[in-house]
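> 3D, please:
(one chain, ligands or ions: 1)
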Amino acid sequence: MSRLLIIGCGGVASVAIHKCCQHPEVFTDICIASRTKAKCDALKAKLTPVTATRITTASVNADVKEEVVALIRLYQPDAVLNLALPYQDLTIMDACLETKVHYIDTANYEPENTDDPEWRKIYEKRCKEAGFTAYFDYSWQWAYKEKFQKAGIMALLGTGFDPGVTGVYAAYAQKHYFDEIETIDILDCNAGDHGYAFATNFNPEINLREVSANGSYWENGHWVETKPMEIKRVYNFPQIGNKDMYLLHHEEIESLAKNIPGVKRIRFFMTFGQSYLDHMRCLEDVGMLSTTPILYEGKEIVPIQFLKALLPDPSSLGPRTKGKTNIGCIFTGKKDGKEKKLYIYNVCNHEECYKEVGSQAVAYTTGVPAMIGAMMVLTGKWKGEGVFNVEEFDPDPYMEALNAYGLPWVAEEDPTLVD
Ligand code: NDP
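Numbering: from 1, shown residues only. Coordinates of the predicted model:
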């Protein structure tokens, strides 16, 4: 018997909630709470006839800690699964601390207003000291470690696919295949076609901020920063074929550099088609990706938020998207003194995801691990006091769950490496 409070009811949350409802033996009670309660009620109406999980819904503005605290006190959950936006991570963590309830999320903290002078001061210091300029980083959430330890609760950070499954793959490779991992290349390929000239597969604001930023990778103990899309490679993805991919900064590089001992290089590549890149460059050139508010006919608007309102809602892409995703990690290193290579990956089919839960594969590949992370915490398979990234726990039960609940993986021992 367990009670889970899920905050957010967008693309990723919808999949996680469908999957929780497939496992009422673990998720006996869930509360879906979001800014727009009507979305939570619609999902409840759809799922109640087909699940034994008891679903309640609530309205919450997770930017306001007191609202989250009040909801936690009312619902009395065993854990909170944050599937709203990275902007809400800290208020929800604060609410969990105050009520002594476990916290789980899929993306690290990023401020909504990157012009906020107080945040900017800390950010600029971090850029100088750490050597990367991404707006998001783990320092804000890692800083809660002692407070969570004292409260006797855990925070599980980043249990989506990347970050999430990629970190679990790394822990699994370390446990079963290597004495020492030297390099990790994380490859995220989406070969899906939704038929639009331009759309993003998850929240457009978060997605476009990430993709238009400088790239960076970890090498020999420090960050190497690149211009956006500066490093391009072509890779022949299993079950997909050749695709162009570009080096991006990504949050799990930061935690893996800390948690995989002796690792010398970690890179992250994502595939993009030429049409996506051309549209993005154009939007950026005309200022549409800016997060700085402008005055338009007497009203303040944030260009990237206005753009989000124009673009297709990612949750509407499900019925139109065909093709597959392939996300995985290539590891090199040593075992028993010999060189070793390993590629662990998952291939997911957009149309099959849509048939099962009414969403495309990008939401599916994030929502399923979010459910599995919550399952690890609620069943006590992963236990701790403090703030943790997924690779800090035993990967085996999570890897079994991936096979059982929709994201089976392949471990290939002689992959082609990325140069
Ligand atoms: P969506 O925009 O589809 O959904 C976000 C949801 O959060 C919406 O229901 C929204 O409500 C709600 N929300 C936003 N602000 C608030 C607030 N202040 N209070 C309460 N609810 C709020 O996003 P996605 O589902 O695409 O993404 C969800 C999360 O998953 C993001 O953090 C994203 O970064 C992460 N992600 C992680 C990945 C991984 O592999 N680790 C991959 C993809 C995404 P409303 O409906 O009113 O707008």
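> how about the least confident helix or strand in the chain by mean pLDDT as PDB, C-alpha atoms only?
The least trusted helix or strand in the chain, going by mean pLDDT, DSSP states H and E, turns out to be helix 204-211, with a mean of 84. Extracted in PDB, the C-alpha atoms of helix 204-211 (Å, rounded to 0.1, in the frame of the first residue of the first chain):
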ATOM      1  CA  PRO A 204       9.400  23.500 -26.100                       C
ATOM      2  CA  GLU A 205      10.800  26.100 -23.700                       C
ATOM      3  CA  ILE A 206      13.000  23.600 -21.800                       C
ATOM      4  CA  ASN A 207      13.900  21.800 -25.100                       C
ATOM      5  CA  LEU A 208      14.900  24.900 -27.000                       C
ATOM      6  CA  ARG A 209      16.800  26.400 -24.100                       C
ATOM      7  CA  GLU A 210      18.900  23.200 -23.900                       C
ATOM      8  CA  VAL A 211      19.600  22.800 -27.600                       C
END
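> now do that helix: which elements does it pack against?
In terms of contacts (3 or more CB pairs under 8 Å, 6 or more residues apart in numbering; DSSP states H and E), helix 204-211 is packed against helix 274-285, helix 303-310. In short, each C-beta sits where N, CA and C put it, glycine included.
> what's the burial count for whichever residue of the stretch 101-250 of the chain sits closest to the ligand?
Per CB to the nearest ligand atom, the residue of the stretch 101-250 of the chain with the smallest distance to the ligand is residue 160, at 2.2 Å. Other residues within reach of residue 160, judged by other CB atoms under 10 Å, total 24.
> go on, residue 85?
Neighbours of residue 85 (other CB under 10 Å): 19.
> dump the residue contacts of it.
Shown in contact with residue 85 (CB atoms under 8 Å, 6 or more residues apart in numbering): 8, 107, 112, 203, 205, 206.
> quick one: the fifth one and residue 151, what's the gap?
Distance of residue 205 to residue 151, computed by CB to CB, to the nearest Å: 32 Å.
> which of the two has more neighbours?
Per other CB under 10 Å, whichever of residue 205 and residue 151 has more neighbours is residue 205, with 21 against 17.
> I'd guessed the more buried one sits against residue 309; true?
No - Residue 205 is not in contact with residue 309 according to CB atoms under 8 Å; the separation is 10.3 Å.
> host element of the closest residue in space to residue 75 that isn't next to it in sequence?
Leaving aside its chain neighbours, residue 75 sits nearest to residue 31 (4.8 Å; criterion: CB to CB, 6 or more residues apart in numbering). Using DSSP states H and E, residue 31 falls within strand 29-34.
> counting contacts, what elements does that strand pack onto?
On a contact count with 3+ CB pairs under 8 Å, 6+ apart, strand 29-34 meets strand 3-7, helix 11-21, helix 37-47, strand 54-59, helix 65-75.
> up against the ligand, what does the stretch 51-200 of the chain have?
60-63, 83-86, 88, 106-107, 158, 160-164 (CB under 6 Å from any ligand atom).
> can you tell me how far residue 333 sits from the ligand?
Residue 333 is 24 Å from the ligand, where distance means CB to the nearest ligand atom, to the nearest Å.
> tell me the contacts of that residue?
With contacts defined as CB under 8 Å, 6+ apart, residue 333 is in contact with 178, 179, 180, 181, 182, 183, 339, 340.
> can you give me how far the strand holding residue 31 is from the chain middle?
Centre-to-centre, strand 29-34 and its host chain are 20 Å apart (CA atoms, centre = their mean, to the nearest Å).
> cool, and stretch 131-138?
Counting by CA atoms, centre = their mean, stretch 131-138 comes out at 16 Å from the chain centroid.
> please save the CA atoms from that stretch in PDB.
Presented in PDB, the C-alpha positions along stretch 131-138 are these (Å, rounded to 0.1, in the frame of the first residue of the first chain):
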ATOM      1  CA  GLY A 131      33.800  26.000 -16.700                       C
ATOM      2  CA  PHE A 132      30.400  25.400 -18.300                       C
ATOM      3  CA  THR A 133      27.700  28.000 -19.000                       C
ATOM      4  CA  ALA A 134      24.500  25.900 -19.000                       C
ATOM      5  CA  TYR A 135      21.600  27.500 -17.000                       C
ATOM      6  CA  PHE A 136      21.000  24.200 -15.200                       C
ATOM      7  CA  ASP A 137      23.300  22.400 -12.900                       C
ATOM      8  CA  TYR A 138      23.100  20.100  -9.900                       C
END
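> what's in contact with it?
Looking at what lies outside stretch 131-138 - CB under 8 Å, 6+ apart - the contacts are 86, 107-111, 114, 123, 126-127, 130, 157, 209-210, 213-214, 216, 222-223, 225, 249, 251, 254-255, 389.
> in helices only, show me those residues.
123, 126, 127, 130, 209, 210, 251, 254, 255 (DSSP state H).
> and the fourth one, how far is that from residue 253?
It stands for residue 130. Noted for residue 130: a distance of 11 Å to residue 253, by CB to CB.
> neighbour count: the two, which is higher?
Using other CB under 10 Å as the criterion, residue 130 and residue 253 rank with residue 253 on top: 25 against 15.
> how near is the more buried one to residue 22?
As judged by CB to CB, residue 253 and residue 22 stand 32 Å apart.
> and the closest residue to residue 55 other than its chain neighbours, how far from residue 410?
In this structure, residue 55 finds its nearest non-sequential neighbour in residue 44, 4.6 Å apart by CB to CB, 6+ apart. Distance, residue 44 to residue 410, using CB to CB: 36 Å.
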